[in-house]
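Chemist: One predicted model, sequence on top.
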Amino acid sequence: MLTAFAAQAATVSTGDVIQGKRVISHLDVADLEPGRKHSFYFQGAQMATGQHWYVPVVVAKGEIPGKRILLISGVHGDDAGGNAPTRHAGLVFNRLFKPNADYVLDNHTSTTGTHITASIFAKMGRPEIRAMAELFPIEQIWNNPGYPGTLETALVDAGIPALPTEVGAARSFDRRMIPLFVEGSMNVLKRHGVVAGPMGRTSKEAGYLYRQRGAPGAGNARWLPGAEGRAAQQGGARPGRRNPAQLFR
């Protein structure tokens, strides 16, 4: 039924309004007026109480046709797999995300009680995904094969290049890391012609450490020096031995 419904490709309103925003049960950005911003609540799964879960949605639609970039945050309850019921996940994926995205940036933090340096987990064997990952001015990129059932893997399996980012500790805002991911996200939008302007810094300027996810030791990492890496090498240091956990202290 979800597949058949998605095939209709039309924005469907429930008739409800929450905090002045129209509630929808299916989104097709082609229906929306160009040249303005649209705000909705997406109606997800119904709970036993009869109430639905709602997802806030903002669509900034340009005046001319182009690539559709989906920016996501907060869709998993507490790291890989999340804790949302299967039906809610299916509704969000099939009626909101999949029909309206050409590329996806999926913003994460680490799990509760843990911390992670600014990093990206990317399927680096896929050229379009690698190109996006290397547009971020951060110092650690993992080649991540992905896990079945996660949003990133589901999107890639559906033919949509998706890139998950890790922006520090859970339940907090790291003001040192956030600007790096804003700059990288803007670079992705510029690459695909969504916004105009010169490129910002990228991984080449940062000098990033490229790791194979799941590898047990630093011997599985290789340093790809950018400006900072070259400076360290000229000073006699060995960038490949830097401790990623200390990069953003």
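Modeler: Thanks, I have it. Numbers count the residues shown, from 1 in each chain.

Chemist: drop to CA atoms for contacts and neighbour counts, all remaining ones
Modeler: OK.

Chemist: thought Glu139 was touching Lys204?
Modeler: No - using C-alpha atoms under 8 Å, Glu139 is not in contact with Lys204, being 9.2 Å away.

Chemist: of the two, who's got more company?
Modeler: Glu139 (28 against 19; other C-alpha atoms under 10 Å).

Chemist: From Phe181, how far off is that one?
Modeler: Note on Glu139: its distance to Phe181, by C-alpha to C-alpha, to the nearest Å, is 12 Å.

Chemist: swap in Ala169?
Modeler: 14 Å.

Chemist: ok, now Phe121?
Modeler: Distance from Phe121 to Phe181, by C-alpha to C-alpha: 13 Å.

Chemist: so where do the strands sit in this protein?
Modeler: Applying DSSP state E to the chain gives strands spanning 12-18, 21-26, 36-46, 52-61, 69-73, 103-108, 119-122, 140-143, 162-166, 208-212, 221-224.

Chemist: and the angle from the longest one to strand 12-18?
Modeler: Orientation check (axes from the mean of the first three to the mean of the last three C-alpha atoms, to 10 degrees): strand 36-46 against strand 12-18 gives 90 degrees.

Chemist: before we move on, what about the fourth one?
Modeler: With the same axes, to 10 degrees applied, the angle from strand 52-61 to strand 12-18 works out at 100 degrees.

Chemist: List the neighbouring strands of strand 52-61 plus their orientation.
Modeler: Take DSSP bridges as the rule and strand 52-61 pairs in its sheet with strand 36-46 (antiparallel).

Chemist: now do the fifth one
Modeler: Each strand paired with strand 69-73, and its direction, by DSSP bridges: strand 103-108 (parallel).

Chemist: Pick out the residue closest to the middle of the protein.
Modeler: Taking C-alpha atoms, centre = their mean, the centroid of the chain lies closest to Asp106, which sits 1.6 Å from it.

Chemist: list the contacts for that residue?
Modeler: 71-73, 152, 162-165 (C-alpha atoms under 8 Å, 6 or more residues apart in numbering).

Chemist: who's it bridged to?
Modeler: In beta-bridge terms (that is, DSSP bridges), Asp106 pairs with Ile72, Pro164.

Chemist: Relative to Arg36, how far out is it?
Modeler: 23 Å.

Chemist: Please apply the same query to Val55.
Modeler: 20 Å.

Chemist: Just want to know which of these two has more residues nearby.
Modeler: Val55 (16 against 11).

Chemist: So for that one, what's the pLDDT?
Modeler: On pLDDT, Val55 comes in at 94.

Chemist: Likewise for Ile116?
Modeler: For Ile116, pLDDT reads 80.

Chemist: Excluding sequence neighbours, find me the nearest residue to it.
Modeler: Nearest non-adjacent residue to Ile116, counting by C-alpha to C-alpha, 6 or more residues apart in numbering: Gly168, 5.0 Å away.

Chemist: same question, Glu63
Modeler: Gly35 (4.3 Å).

Chemist: Which pLDDT value belongs to the one you found?
Modeler: Gly35 carries a pLDDT value of 96.

Chemist: cool, the one 3 residues further on as well?
Modeler: As summarised for this prediction, His38 has a pLDDT of 97.

Chemist: and stretch 22-30, what's its mean pLDDT?
Modeler: 97.

Chemist: First-to-last residue distance for it?
Modeler: 17 Å.

Chemist: same deal with stretch 152-161?
Modeler: Note: stretch 152-161 ends 8 Å apart using C-alpha to C-alpha.
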